[in-house]
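Q: Quick one, structure for this:
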Amino acid sequence: MISIIDNPSLAEAGRQRMNWFVEQMPLIASLKESYRTELPFRGLKVAICLHVEPKTAFWIEAILAGGAEHVYLVGCLGTTKPDTAAFLASNPKITVFAKEKDAMEDHQRYLEMVMEEKPDLLLDNGASLILAYHKKKRDWIPLGANEETRTGRLLIDSSGYDIAFPVVVIDDSPLKKLLENAVGVGQSVVDGFMRATSLLLGGKRILVIGYGWCGSGIAGKFRAMGAHTSVYDIDPVYLLKAKVDGHHVSENLNELIARADAIVTSTGRFHIITTEHIPYFSDGLILSNAGHFGFEIDVDELRAAASRVDVIGCGKETLWFGSRKVFLLENANPLNLAAGDGNPIAIMDLGLGLQASCGALLASGRHGLHKGVQPIPVEIDRAVSRRMLRF
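A: Reported below is the predicted structural model:
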């Protein structure tokens with residue numbers, strides 16, 4: 001198959017861009033060297049759905065060093081770096097399906113194209129590959145799959161499918177929750193917000209919707225920058241935690257929306273901000289999303305309800321509702337990647353190390369895992385942590 005990317009001529013720029021990231025990812029570098037000898041992915045066709053950016057590219061190099069026959073990479077919506085896609089597609093052992101402006105229809109088409117290749121291993125983000133496999137009756141069963149996100153876990157749980165192979169949920173790992181989610185996502189979302197807006201955070205009223213591990217990190221980092229933070233969650237236990245962490249909370253979402261200068265959604269679910277909330281939008285409100293899919297905000301419905309939509313450029317739009325204007329950042333795609341470079345490199349070195357280690361376990365066939373979703377085995381969490389402590 002031929003890669004579907006924006007611009008193949010950007011391959012050299014993508015290679016050069018990787019240099020800094022490679023220098024800062026010692027865990028993946030060490031795994032890459034180990035895999036050259038161990039060859040855990042020997043002869044396997046590996047399907048990956050992940051953000052197409054430099055950290056992912058180096059991780060894929062480690063998978064190939066581990067003996068993979070071919071890698072099929074499908075990008076996530078709104079987060080593809082065209083130069084990285086071109087660099088990866090220049091490798092004859094990698095087929096890339098990822099364009100900067102892909103829509104969900106493109107994404108679904110790419111997934112079906114990958115399924116036609118009958119991959120042996122699915123390394124997933126947002127359950128795209130896992131659900132694509134189960135949408136049709138297939139004549140082969142993969143060795144297993146990873147799922148990186150909370151969104152993906154929720155989508156699998158709600159799908160009703162009888163999952164045909166083991167699925168290891170990376171997001172259920174204590175290591176990922178404590179470090180990537182609570183620490184990395186908070187920093188990278190604030191960074192993305194700053195890059196997208198260049199606003200002073202001190203004194204801004206920021207509403208974070210969803211107070212799981214990611215949401216708590218986001219709210220905490222905004223507060224540390226001087227923002228007046230408020231939090232909404234459907235679970236009163238999480239709201240109580242947010243309150244004792246120092247955030248303003250309420251069980252009335254409309255009340256919180258009405259007092260916000262900016263909103264960040266981080267729930268893993270869809271339809272969190274809808275047209276029902278338009279009456280509560282303040283003039284100049286900024287809407288953004290940190291979840292895996294932009295569907296946490298009903299962007300199309302909000303645009304349809306607006307009296308006018310102006311494209312400002314640099315990832316920003318103005319939606320007019322009468323005399324009130326609302327700003328939308330990055331089409332509600334994940335703000336940390338759409339406006340920035342994603343989670344800190346060291347954090348993704350760790351997160352991708354977890355994914356690689358779980359992938360190697362699944363590829364071995366010697367794991368004792370059952371069909372369906374399950375957390376990362378404790379021994380992998382500990383082994384990756386010990387390895388990371390060396391650096």
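Q: dump the residue contacts of Ala242.
A: Contact analysis of Ala242 by CB atoms under 8 Å, 6 or more residues apart in numbering lists 211, 216, 219, 231, 233, 249. (Glycine included, C-beta is placed from N, CA and C.)
Q: make it 10 Å
A: Going by CB atoms under 10 Å, 6 or more residues apart in numbering, Ala242 touches 208, 211, 215-216, 219-220, 229-233, 248-249.
Q: which of these are buried?
A: Buried members of these, counted by 16 or more other CB atoms under 10 Å: 208, 211, 215-216, 219-220, 229-233, 249.
Q: Save these as JSON lines, and put in pLDDT and secondary structure too.
A: Below are these laid out as JSON lines (pLDDT from 0 to 100; DSSP: H, G, I helix; E, B strand; the rest coil):
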{"residue": "Val208", "pLDDT": "98", "secondary structure": "strand"}
{"residue": "Tyr211", "pLDDT": "98", "secondary structure": "coil"}
{"residue": "Gly215", "pLDDT": "97", "secondary structure": "helix"}
{"residue": "Ser216", "pLDDT": "97", "secondary structure": "helix"}
{"residue": "Ala219", "pLDDT": "98", "secondary structure": "helix"}
{"residue": "Gly220", "pLDDT": "97", "secondary structure": "helix"}
{"residue": "Thr229", "pLDDT": "98", "secondary structure": "strand"}
{"residue": "Ser230", "pLDDT": "98", "secondary structure": "strand"}
{"residue": "Val231", "pLDDT": "98", "secondary structure": "strand"}
{"residue": "Tyr232", "pLDDT": "98", "secondary structure": "strand"}
{"residue": "Asp233", "pLDDT": "98", "secondary structure": "coil"}
{"residue": "Val249", "pLDDT": "98", "secondary structure": "strand"}
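Q: circling back: quick check: the farthest pair among the contacts of Ala242?
A: Pairwise distances across the contacts of Ala242 (CB to CB) peak at 15.5 Å, for the pair Gly220 and Tyr232.
Q: any idea which helix is longest in this protein?
A: helix 345-364 (DSSP state H).
Q: Let me know the closest of the buried ones among the contacts of Ala242 to Ile312.
A: Closest to Ile312, out of all of those and judged by CB to CB, is Val208, at 23.8 Å.
Q: what's the closest non-adjacent residue to the closest one?
A: Nearest-residue entry for Val208: Ala219, 4.2 Å, with adjacent residues in sequence omitted and distances by CB to CB, 6 or more residues apart in numbering.
Q: Repeat that for Ala360.
A: Per CB to CB, 6+ apart, closest to Ala360 is Pro40, 3.8 Å.
Q: Just confirm the one you found is within a helix.
A: No. Counting by DSSP: H, G, I helix; E, B strand; the rest coil, Pro40 is not found in a helix; it is coil.
Q: Assign Leu328 to helix, strand or coil.
A: For Leu328, the assignment made with three-state DSSP gives strand.
Q: residues near it, how many?
A: 24 (other CB atoms under 10 Å).
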